[in-house]
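> need a 3D model of the sequence below.
(chains A, B and C)
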Amino acid sequence: MGKETGQLLATWAALMALLAITVVAALAPIGPVKGLVNIAAAVVKAALIYWVFMHLKQVGGFLRIAAVGAAVWLLILGAMLYADISTRV
Amino acid sequence: MTDAVAHTPEEAHKGKDTAEERVSYLRAGHSLASWLTTTDHKRIAILYLIAITGFFFIGGSAAALMRFELISPHGMLLSNEGYSRAFTMHGVIMVWFFLIPSIPNTFGNFLIPLMIGAKDLAFPRLNLLSWYIYIIGGCFTLYALVGGGVDTGWTFYTPLSSLFANGHVVALVTAVFVAGFSSILTGLNFIVTIHTLRAPGMKWSRLPIFVWSHYATSLILVLATPVLAITLVLLAAERLFGIGIFNPALGGDPILFQHLFWFYSHPAVYIMVLPAMGVVSELVCAAARKRIFGYAFVAGASMAIAGVGFLVWGHHMFVAGESALAATIFSFLSLVVAVPSAVKVYNWTATLYKGDILLDPPFLFAMGFIGLFTVGGLTGLMLAMLAIDVHVHDTYFVVAHFHYIMVGGTVSAFFGALHYWWPKITGRMYSLTWGRIDAALIFFGFNLTFFPQFILGYLGMPRRYHVYDPSLQVWHVMSSAGASILAVGYILPFIYLYAALRSAKPAGPNPWGATGLEWTTASPPPKHNFDHPVQVTHEAYDYENAPQPGEHR
Amino acid sequence: MSGRASQETSQGVTLKEPYARPGQQREADFLGMYLFLASEIMLFGVIVALLFADRFRHPGAAEQAAQRLKIWIGTANTAVLLTSSLFVALAVVAARAGKAKAVTGWLAAAVLLGLTFLGLKGFEYAEDFAEGVWPVLGRATPGNLFINLYFVATVLHAVHLTVGVGLLSWAGVRVKMQRTRLPGQAIVIEMTGLYWHFVDVVWVFLFPLLYLPRP
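Numbering: from 1, shown residues only, chains lettered A, B, ... in the order given. Coordinates of the predicted model:
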């Protein structure tokens, strides 16, 4: 087994562990914090997939921005929607 | 038939083929199939030019119908619904099937590889696919049009479009959805091309402003268009299955539709105007025969407009029930976006200052753009202010404002580009006199059409009504009279430009004495753009070392 | 004329017009795919934004409605997709090493898992329908609004996944028939893989937002 294959297996194991954490957190009686745990786990999972499986680890700086820069635009959309919906009368 | 090279003036006269023309991209295959399966960016640009010209005249016919109807305050020709269908078709066709693809998909397609010294766009087959997708979208539009039309306005606001409107809403929404993918693929292609295919020596700091503004446009195309696509899918699902996301009766929120629609459609205004600004930057430098004033600021302003342009969409919803806090934020950001726009106008003016200005047709169109864009931009600032907007919201003031940007700005720049690069695209020079007359006609006709609409709007004439108070009739008649002049101005070029194809003298590689790699190759260019490897050694707009204009004109 | 000139370099990379160097072509392919996926991020991002907006405007409704979904099928499907992504990543490693046989093997395994996902999803829809979770179209309540979003989101995802299964199968067949030669044309596997992983990422967000809201 090559070094690269080992890394991929480790990433997969981490993803499965995060899946387990997220399901347990959702079912455990830990209150509203479970929503945060779920979102955080999803972000970490996505980051792992992008970084390892989708080669962001290997490509240059600009390609990384191109790959995930859209997230910034989504945050803009979300922030402005929140600014409206949360303060409407 | 002689094979002699037609470089001497005796041979290079009316109608005869030149040696350049015989090996140009236009002659690389004559069959219809060779055009419909081409992957040459220059040919695809021509395919787009033909298609958008068709849609421009269909959309224009709808506008003519409206202006004719509005001569009388009582509505003499159309029913209420018929009038609604006319302005919806005018809006949808002009926005998505003319303005958005107008400059990028024709001139951007043709010029970006030439300007950066590349053989083609990064993904030539994707480029052709993008044209076919656009045509499929266009077919859906024509189907909706022939089937009787849609009366929602181009904005498709819910719940009107989802619950109440009759007509072919789903077909028209599908048309826009499909055309969006053409936009996404074109934008993606431009970004990758500019990143990876610049010729040796073509640093980012040497890119023509035209390329910079298309880069900024492409970012918007890639990031905003999918938001519209999914929103239209949800609208169709709402109309067909009643899923309720935008329906307040089911717990949904119609204002969410407006948020998502304008998250695309406000940046879409910059999709229309940024390429126009790029064209004008080229034209202004060539007219003044000077380096552009403040290159970095003009290039940076394009990027800033693309970025800040994403943050202002809520100014379309000041009276729609948006919260006061959100409205205040959007109002402020809308004022901010004027700064980079103003930077551009100042820099064009400073470029012209003390320039040795040529008054050939393309440059007259560019001057028209600067004036009309400034009026459109300043009235935009008025509309961005909350108090004024409440007064003039949904009136002809808004109609006049955005027509000054989109028609006075973008369409002027489109015709400027057509007159500037026509000799490069076809190899033939048209009648400059007719070109100057046309530029003047369009400027005059435009102002007569749309300036009265500012007054109409301020007096309270709402948009989308065809029956109005008789006291407003004088302004409407004035506007309709202007529209007829404008129509002549738009039809005229197709006569003298077409005539030039048949009979005019060859233009030569660089009739305007302009800088830029596209002017270093033959007119029309050979299939692979350049006969020799390209090496860039100078900044853009190096007019001190440019050839003199005039010899070939 | 339509044909695009192409030539083969010493490393067996097929170099197409308008590229001059393999590295340039490779960067263009990656950038193009990342940008396409960026547009997909925006597409699915709107669904996510709507889910958040729905939860904000109707507190408690999502938590109640989500309990009617099959959390165990959702969990199993997440594991299936994550594992399929591992297989595709292994296929890319094999493709770069020129091991065509291993590539077809990993791709076939990934396709199988993709079909498993679709099968489980179809079974789940059938169960939903039998239990009346299927949206009562046009007569939704705020809770049902969440369910409606669940259907829109999962159907849209399933469409993307179906396309992905098609792409993986197409790439596998091409390698098998030696129409795609490795390692020179490993880019085909890499690009297909990027798309597949992205569909996985979408699910990674949809799963907690749709299945896991709990009071």
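
> return the residues of chain A in contact with chain B.
Applying C-beta under 8 Å from any C-beta of the partner chain, we find that chain A lies next to chain B at A:62, A:66, A:70, A:73, A:76-77, A:80-81, A:83-89. To be clear about C-beta, it is placed using only N, CA and C from the backbone, and glycine gets the same treatment.

> give the pairing partners of the one helix or strand in chain C whose mean pLDDT sits lowest; include direction for each.
Every helix and strand of chain C was ranked by mean pLDDT, DSSP states H and E. The lowest is strand C:6-8, at a mean of 75. Strand C:6-8 has the following strand partners under DSSP bridges: strand C:14-16 (antiparallel).

> what comes into contact with the strand it pairs with?
Counting by C-beta atoms under 8 Å, 6 or more residues apart in numbering or on different chains, strand C:14-16 makes contact with C:4, C:5, C:6, C:7, C:8, C:9, C:21, C:22, C:25, C:184, C:185, all of which sit outside it.

> what's the single longest helix in chain B?
Longest helix of chain B, by residue count under DSSP state H: helix B:254-288.

> report the mean confidence score over it.
What helix B:254-288 shows for mean pLDDT is 96.

> run the chain-centre distance for it.
Mean-position distance between helix B:254-288 and its chain equals 8 Å (C-alpha atoms, centre = their mean, to the nearest Å).

> so which elements touch that helix?
helix A:70-85, helix B:100-101, helix B:209-241, helix B:295-308, helix B:338-352, helix B:361-384, helix B:412-426, helix C:22-57 (3 or more C-beta pairs under 8 Å, 6 or more residues apart in numbering or on different chains; DSSP states H and E).

> from the contacts of strand C:14-16, pick the one nearest residue B:204.
Of all those, residue B:204 sits closest to residue C:21, with 19.1 Å by C-beta to C-beta.

> just give me the neighbour total for the closest one.
By the criterion of other C-beta atoms under 10 Å in any protein chain shown, residue C:21 has 12 neighbours.

> and if you look at the one 4 residues further on?
As a burial measure, residue C:25 scores 20 neighbours (other C-beta under 10 Å).

> how about it: what's its closest non-neighbour residue?
Excluding its sequence neighbours, the residue lying closest to residue C:25 (C-beta to C-beta, 6 or more residues apart in numbering or on different chains) is residue C:19, at 4.0 Å.

> which ones are touching residue B:128?
By C-beta under 8 Å, 6+ apart, the contact set of residue B:128 is B:37, B:38, B:39, B:44.

> quick one: low-confidence ranges for chain B?
Where chain B drops to pLDDT under 70, the residues are B:1-16, B:550-553.

> did I read that right, residue B:89 in a helix?
Yes: Residue B:89: assigned to a helix according to DSSP: H, G, I helix; E, B strand; the rest coil.

> just give the number of residues close to the residue lying closest to it once chain neighbours are set aside.
Leaving aside its sequence neighbours, residue B:89 sits nearest to residue B:62 (C-beta to C-beta, 6+ apart; 4.6 Å). Using other C-beta under 10 Å, the number of residues around residue B:62 comes to 21.

> how close does residue A:23 get to chain B?
With distances taken as C-beta to the nearest C-beta, to the nearest Å, residue A:23 is found 28 Å from chain B.

> neighbours of that residue, how many?
The local packing of residue A:23 (other C-beta under 10 Å) involves 21 other residues.

> and it, what does it touch?
The contact partners of residue A:23, by C-beta under 8 Å, 6+ apart, come to C:71, C:75, C:212.

> list just the nearest of the residues you listed to residue B:495.
Nearest to residue B:495 out of these is residue C:212 (C-beta to C-beta; 66.1 Å).

> wait, the closest one touches residue C:71, no?
Yes: with contact defined as C-beta atoms under 8 Å, residue C:212 reaches residue C:71; the gap is 7.2 Å.

> more neighbours, the two?
Between residue C:212 and residue C:71, residue C:212 has the larger neighbour count (other C-beta under 10 Å), namely 25 against 17.

> ok, now which ones touch the more buried one?
By C-beta under 8 Å, 6+ apart, the neighbours of residue C:212 are A:22, A:23, A:26, A:34, A:38, C:66, C:71.

> now those: which count as buried?
Listed as buried from the contacts of residue C:212 are A:22, A:23, A:26, A:34, A:38, C:66, C:71; burial here means 16 or more other C-beta atoms under 10 Å in any protein chain shown.

> next up, identify which helix or strand the fifth one is on.
Spelled out, it's residue A:38. Using DSSP states H and E, residue A:38 falls within helix A:33-48.

> check whether that helix comes near chain C.
Yes: using C-beta under 8 Å from any C-beta, we find that helix A:33-48 touches chain C at A:34, A:35, A:38, A:39, A:41, A:42, A:45, A:46.

> show me what contacts the last one?
Applying C-beta under 8 Å, 6+ apart to residue A:46 gives the contacts C:201, C:204, C:205.

> can you pull the buried residues of stretch C:9-26?
In terms of neighbour count (16+ other C-beta under 10 Å), stretch C:9-26 has its buried residues at C:13, C:14, C:15, C:16, C:18, C:19, C:22, C:24, C:25, C:26.

> so for the fourth one, what's the pLDDT?
Translated: residue C:16. Reported pLDDT for residue C:16: 86.

> re earlier: mind listing residues that contact the least confident helix or strand of chain C?
Here strand C:6-8 has contacts from C:14, C:15, C:16, C:17, C:184, using C-beta under 8 Å, 6+ apart.

> equivalent analysis for stretch B:328-344, please.
With C-beta under 8 Å, 6+ apart as the test, stretch B:328-344 has contacts from A:80, A:83, B:277, B:281, B:294, B:297-298, B:300-302, B:304-305, B:308-309, B:311-315, B:317-318, B:322, B:373, B:377, B:380-381, B:384-386.

> show me how far the longest helix along chain A is from its chain's centre.
Across chain A, the longest stretch assigned as helix under DSSP H is helix A:3-27. Relative to its chain's centre, helix A:3-27 lies at 12 Å (C-alpha atoms, centre = their mean).

> so it versus helix A:33-48, what angle?
Taking axes from the mean of the first three to the mean of the last three C-alpha atoms, to 10 degrees, one finds helix A:3-27 and helix A:33-48 inclined to each other by 170 degrees.

> got the buried residues for helix A:3-27?
For helix A:3-27, a neighbour-count test (16+ other C-beta under 10 Å) marks A:8, A:11, A:12, A:15, A:16, A:18, A:19, A:22, A:23, A:25, A:26 as buried.

> possible to save those residues as TSV with pLDDT?
Formatted as TSV, the buried residues of helix A:3-27 follow (pLDDT from 0 to 100):
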residue	pLDDT
A:8	96
A:11	97
A:12	97
A:15	98
A:16	97
A:18	97
A:19	97
A:22	95
A:23	95
A:25	94
A:26	93
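
> JSON lines for those residues, including distance to residue C:40?
JSON lines is the format used below for the buried residues of helix A:3-27 (distance: C-beta to C-beta, whole Å):
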{"residue": "A:8", "distance to residue C:40": "23"}
{"residue": "A:11", "distance to residue C:40": "22"}
{"residue": "A:12", "distance to residue C:40": "23"}
{"residue": "A:15", "distance to residue C:40": "20"}
{"residue": "A:16", "distance to residue C:40": "25"}
{"residue": "A:18", "distance to residue C:40": "22"}
{"residue": "A:19", "distance to residue C:40": "22"}
{"residue": "A:22", "distance to residue C:40": "23"}
{"residue": "A:23", "distance to residue C:40": "26"}
{"residue": "A:25", "distance to residue C:40": "28"}
{"residue": "A:26", "distance to residue C:40": "26"}
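
> re the thing from before, which one among the buried ones among the contacts of residue C:212 gets closest to chain B?
Nearest to chain B among the buried ones among the contacts of residue C:212: residue C:66, at 15.6 Å, using C-beta to the nearest C-beta.

> could you report the pLDDT at that closest one?
Value listed for residue C:66 in the pLDDT field: 91.

> equivalent analysis for residue C:136, please.
At residue C:136, the pLDDT value in this model is 58.

> quick one: secondary structure of residue B:39?
Relying on three-state DSSP, one would call residue B:39 coil.

> what about it, distance to residue B:47?
Per C-beta to C-beta, to the nearest Å, residue B:39 is found 11 Å from residue B:47.

> okay then, goodbye and thanks.
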